[in-house]
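**Student:** Fold the following.
(2 chains)
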Amino acid sequence: MIELKDLTKKYGDFKAVNDLNLCVKKGEVFGFIGPNGAGKTTTIKMMSGILQPTRGRVFISGINMQDAPEKAKSKIGFIPDRPYLYEKLSGIEFLKFTADLYGVSEKTFQASAYRILEDFSLADWADELVESYSHGMKQRLIMSAALLHDPEVIIVDEPMVGLDPAAIIMVKALFRKLAGEGVTVFMSTHTLKVAQDTCDRIGVINKGRLIATGTTQELQREANVSEADLEQVFLKLTNHERSSDSV
Amino acid sequence: MNEVLTLFKPRIWPIKNRGFSKANGKGNARIFLLGTFGLLFWCGIFAVSWRVLVYFKGIEDIGNILGYKLLSMMLVVSFALLLFSSILTSLSKLYLSRDLMLVHSLPVSSYKIFITRWIDSTVDSAWMVIIYTMPVLISYGIVYQTGLFYYLNTMIAMLCLAVIASAISTVLVMTAVIFIPATRMKSVFILMGILSFVVIYLAIRLSQPELLVDPEVFDTVMAYISSLQTPSSPFLPSSWVYDSIRSALAGTIGNSLFFTALSLSFVGVIIFALVFLADAV
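**Tutor:** A predicted model of the protein is given here:
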């Protein structure tokens, strides 16, 4: 479960994230959408403990990120949009490196590392250096590393960037499967189709404020558009925000 | 401790992987070429230092003084180089490294990440300076016919100098970053350029090199000699290292140990201050 309470991040006078309150239940896939610069990545960085909030709290499986950051982080599998991987390590070494820091035992690592790499079609590349991987393969490797320690929460920023269609279908199915097993998935994306297909609920953020949350149908009602796809709902909600601001 | 060791693995494992790299042949040729140039340069420094020291030793009365003055100047310049090099590496390792987001998302405490980065930065910034001061210091050992104590003590004293320079630079960088965002590389580099110029200028001024080459400005030979014997600033860590090495060269082990202990105690204090500051920032 993820809980955000009055989460705020200020850079000087600029509020990148403004009083964000949100609860994502156990086993829920939550989509986080918003225009560029809306505060999605800042929110994700605060949720994953990379950035300190100016105000407010983040709870991961009931653990306060500020009070016990290591314990809270150990519950998370974090997948950034532009992953950094050590180019001179092999895929299996990168997995070993992250597994060691997550406290995964050698026995568990041996049992699960190649299985996860197999799931992500990387088993044949396990001993190759990361420098020889394509962007999509790197994205799949970072996903493998994020799942190796059986996280209770997955935080993922733009999960489909660089993935081929087959991998996109696989990742969408994987998130649904993990949610079925009780894993909470928080996913920021620009690909509204992915959010519509995969997420139980969607939150729309604009100018640092969460302006709407709900299922696709609830968002359609909120935007006063029936039978419209998420793209039109998103445009209506964010444009409405812009016009209210200009008034 | 295990986590700190694990954080070093991305640096250690690639050495093992070098054999698997696709650019293996090309890479090895480059390493061989650079290694050969490095070795020749090292031998060159040794040969020149040895010759100069043998020549100084042959000059009556002021030979030893000249030798010690040269040692003092070399240590001050080495300290300045270490400071400048550490400023660059600590800025890059602590604030601009591309893997920071990855390691901070992992369940490791920030101070352990800091310690790893700082050790990494210290090694990166100091290894070359230490390696290329070695031939000079070895030639001192040979010319002054010292024993094993000199080499051990010098090694410890030089490591202290590297650690002190790295810690001071890291404190400077951490303080500067409060006022100037690390991403403003250009501004930071301009500032560092000015700072390094000031540091090197001060270092050279403190060592008073003009006195070595212009004895005519002195009224008497005695004034010249006493000027050469003027110690450099007692607040410079390079002075403590100098005093320690000089005492070891002269065979006064007690004095040498005292100055090495002084450097070591400062290492302890500055590392404590560094971790305290890192925790506060």
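
**Student:** who's in contact with residue A:17?
**Tutor:** Neighbouring residues of residue A:17 by Cβ atoms under 8 Å, 6 or more residues apart in numbering or on different chains: A:7-9, A:39, A:42-43, A:46, A:53, A:208. Heads up, the C-betas are built off the backbone N, CA and C, glycines and all.

**Student:** Let's see that with 7 Å instead.
**Tutor:** A:7-9, A:39, A:42-43, A:208 (Cβ atoms under 7 Å, 6 or more residues apart in numbering or on different chains).

**Student:** Repeat that for residue A:113.
**Tutor:** A:92, A:95, A:148.

**Student:** Which one of the contacts of residue A:17 sits in the busiest neighbourhood?
**Tutor:** Within the contacts of residue A:17, residue A:43 tops the neighbour count with 30 neighbours, counted by other Cβ atoms under 10 Å in any protein chain shown.

**Student:** Is that one in contact with residue A:22, as I believe?
**Tutor:** No. Judged on Cβ atoms under 7 Å, residue A:43 makes no contact with residue A:22 at a distance of 8.8 Å.

**Student:** how about the helices in the stretch 101-250 of chain B?
**Tutor:** B:110-143, B:148-179, B:185-207, B:210-213, B:221-228, B:237-250 (DSSP state H, counting those that start in this stretch).

**Student:** in the longest one, what's buried?
**Tutor:** This means helix B:110-143. Neighbour-count burial for helix B:110-143 flags B:112-122, B:124-126, B:129-130, B:133-141, B:143 (criterion: 16 or more other Cβ atoms under 10 Å in any protein chain shown).

**Student:** Alongside chain A, which residues does chain B contribute?
**Tutor:** B:3, B:6, B:9-10, B:13-14, B:17, B:20-21, B:98-99, B:101-102, B:104-109 (Cβ under 7 Å from any Cβ of the partner chain).

**Student:** Sticking with the closest residue to chain A within chain B, tell me its helix or strand.
**Tutor:** Relative to chain A, the nearest point of chain B is residue B:14 (3.4 Å; Cβ to the nearest Cβ). Using DSSP states H and E, residue B:14 sits within helix B:2-17.

**Student:** From the rest of the structure, what touches that helix?
**Tutor:** By Cβ under 7 Å, 6+ apart, helix B:2-17 touches A:86, A:88-90, A:93, A:97, A:100-101, A:129, B:103, B:108, B:112-113, B:115-116, B:120.

**Student:** pLDDT of it, averaged?
**Tutor:** Averaged over helix B:2-17, pLDDT sits at 87.

**Student:** again, but for stretch B:268-281
**Tutor:** Rounded to a whole number, the mean pLDDT of stretch B:268-281 is 83.

**Student:** Stretch B:57-70 now?
**Tutor:** Average pLDDT, stretch B:57-70: 84.

**Student:** Now find how far off-centre that stretch is within its chain.
**Tutor:** With Cα atoms, centre = their mean, to the nearest Å as the basis, stretch B:57-70 stands 25 Å off its chain's centre.

**Student:** again, but for stretch A:53-73
**Tutor:** Put simply, stretch A:53-73 sits 16 Å off its chain's centre (Cα atoms, centre = their mean).

**Student:** For that stretch, give me every contacting residue.
**Tutor:** Against stretch A:53-73 from outside (Cβ under 7 Å, 6+ apart): A:1-10, A:46-47, A:49, A:75-76, A:152-153, B:105-109.

**Student:** Please narrow those to those residing in helices.
**Tutor:** A:46-47, B:105 (DSSP state H).

**Student:** just the buried members of those residues?
**Tutor:** Looks like those have A:46-47, B:105 buried, using 16+ other Cβ under 10 Å.

**Student:** how about the residues you listed in TSV, adding pLDDT?
**Tutor:** Shown next, in TSV, are those (pLDDT from 0 to 100):
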residue	pLDDT
A:46	96
A:47	96
B:105	93
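
**Student:** How about residue A:142: what's its closest non-neighbour residue?
**Tutor:** Closest residue to residue A:142 apart from its sequence neighbours, by Cβ to Cβ, 6 or more residues apart in numbering or on different chains: residue A:83 at 4.0 Å.
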